[in-house]
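>>> Give me the fold of what follows.
(chains A, B, C and D)
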There are 2 protein chains.
Amino acid sequence: MEFNDKQIDILFAAERLFATKGFDGTSVRDIAHEANVNVAMINYYFGSKDKLLDTFFEWRVPDFMINVDELSLVGNALDKIDVMVDRYVKSMSSHRKLYRVIAIESTLKQRMLISDAFKKLKIHNLEVIASIINGGIADGVFKAGNDPILIHSMMMGTFMNFQMNQVFLQDQLGIADDDGYGQYIETTLTEFIQKTIKALLTYEK
Amino acid sequence: MEFNDKQIDILFAAERLFATKGFDGTSVRDIAHEANVNVAMINYYFGSKDKLLDTFFEWRVPDFMINVDELSLVGNALDKIDVMVDRYVKSMSSHRKLYRVIAIESTLKQRMLISDAFKKLKIHNLEVIASIINGGIADGVFKAGNDPILIHSMMMGTFMNFQMNQVFLQDQLGIADDDGYGQYIETTLTEFIQKTIKALLTYEK
DNA sequence: GACAAAGTTAAACAAACGTTTAATTTAAAC
DNA sequence: GTTTAAATTAAACGTTTGTTTAACTTTGTC
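Residues are numbered from 1 along each chain as shown, chains lettered A, B, ... in the order given. Next up, the predicted model:
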């Protein structure tokens, strides 16, 4: 998929607005104004507001993928967990707006026609996690009987919870600004998720 | 706060629609139709669509509270975790629509004017969790150095992730219907969260 | 430099939005 | 039974919505 400068301006503007106001809360005039283009340009280039959302998702989908190559370099199963979580959180953290949009819109069932592309990506990421866990079990480091789906849900959910409740959590944690919050996510929260997964995978009973 | 039958009809209708279509995606005419009342009744009783959302939250807030009395009956710190998680998930599970609405609308920053009532509730629940953890540390059962905020975020986030990605997860887990999904949440997912928290609180290093 | 295609614009479109109005019905009080 | 307030209604209000139109400008091609 190839986009010209104006199309990319629109996609970025849409991302910014969808992330803060939601899809339904954002008008095409909002987007046009934010992107400094004429309203008609959105329908001209993307067909409709709905198709703009679809295109937006397709445009961003590649940023979801866990990089498997990087993981194969790490030997220890415990270290693999650390690297995987670190990369996952960093990827999500650097695309926080995108994740907000997905979180908001994926809940509204009638949408997500493009869910096929997303489904494949989620399945890919699940398989990566499953292979790490199974490798750890084979090495005798991890206990068996832990569903990768649940671990993935825990990791995603914990991160998302930080995304969605930023105002409350930032206040509770005594963090001053947005940058500090981002740093907290990339350090303390990342370590927490790493620790949690390792604790779970080595827990008796 | 006292509501007559018609007002309650409207609140339930709003809950059903907000949970599936979001606040912005739902029109007052949708709500009026769903509740079998005239459109003007919504403004007559609630003032505006925005105030209806506020009133809806205030109406539902009490359902959030963790019941502390029930916990004091349990002696063992590990068992207290089990009971707390079980009650928490059951409470969330029985108000799934409400939690969807909160999850969707709490992300949109300009909303949540009523956040004061919510803030107090969240702080109450956090304090309950903190006291359980501290009790466990005092008894020598739990390791110190685990932030209750992170544990609470993990519990909420994991549950929410199941709420928000029902379509995908139900498919992945091979669950046939909505009831089965609810059962999975109240059994397998609950056990997973219990196990995760206990593993974390007893984990070395 | 003429021609066709692509890009861009302001204006207009009908439909849907939240809200208000004014008229009417119901209920309660005396 | 009359009076007064509350409840309910259909219709209309002015905006805003997403989209389309038709005129105009820019760009690239021969």
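
>>> Alongside DNA strand D, which residues does chain A contribute?
Taking CB under 7 Å from any atom of the strand, the part of chain A that reaches DNA strand D is made up of A:26-30, A:39-40, A:42-43, A:48-50. Just so you know, the C-beta spots here come from the backbone N, C-alpha and C atoms, and that holds for glycine as well.

>>> Residue A:190: how many residues sit nearby?
Residue A:190 has 20 neighbours, counted by other CB atoms under 10 Å in any protein chain shown.

>>> does it really touch residue A:84, like I thought?
No. With contacts counted by CB atoms under 8 Å, residue A:190 stays clear of residue A:84, the gap being 10.9 Å.

>>> Show the pLDDT at the nearest residue to residue A:135 once chain neighbours are set aside.
Distances taken as CB to CB, 6 or more residues apart in numbering or on different chains place residue A:77 nearest to residue A:135, at 5.5 Å, with adjacent residues excluded. Here the pLDDT value assigned to residue A:77 is 88.

>>> picking that back up, please check the residues of chain A next to DNA strand D and keep the buried ones.
Neighbour-count burial (16 or more other CB atoms under 10 Å in any protein chain shown) applied to the residues of chain A next to DNA strand D gives A:26, A:28, A:30, A:42, A:49.

>>> ok now do residue A:152, which residues does it touch?
A:125-126, A:129 (CB atoms under 8 Å, 6 or more residues apart in numbering or on different chains).

>>> any idea how far residue B:180 is from it?
Distance from residue A:152 to residue B:180, counting by CB to CB, to the nearest Å: 20 Å.

>>> Can you tell me which of the residues of chain A next to DNA strand D comes closest to residue A:135?
Nearest to residue A:135 among these: residue A:50, at 42.4 Å, using CB to CB.

>>> What is the strand or helix carrying that closest one packed up against?
Element membership for residue A:50, per DSSP states H and E: helix A:49-60. For helix A:49-60, the elements it packs on are helix A:5-21, helix A:39-46, helix A:96-106, helix A:115-138, judged by 3 or more CB pairs under 8 Å, 6 or more residues apart in numbering or on different chains; DSSP states H and E.

>>> Residues of chain A that sit close to DNA strand C?
A:4, A:6, A:37-41, A:44.

>>> Turn the residues you listed into JSON lines, columns for pLDDT and distance to chain B.
Below are those laid out as JSON lines (pLDDT from 0 to 100; distance: CB to the nearest CB, whole Å):
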{"residue": "A:4", "pLDDT": "87", "distance to chain B": "30"}
{"residue": "A:6", "pLDDT": "91", "distance to chain B": "27"}
{"residue": "A:37", "pLDDT": "94", "distance to chain B": "23"}
{"residue": "A:38", "pLDDT": "94", "distance to chain B": "24"}
{"residue": "A:39", "pLDDT": "95", "distance to chain B": "19"}
{"residue": "A:40", "pLDDT": "94", "distance to chain B": "23"}
{"residue": "A:41", "pLDDT": "95", "distance to chain B": "23"}
{"residue": "A:44", "pLDDT": "95", "distance to chain B": "25"}
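
>>> Please consider this matter closed, and thank you.
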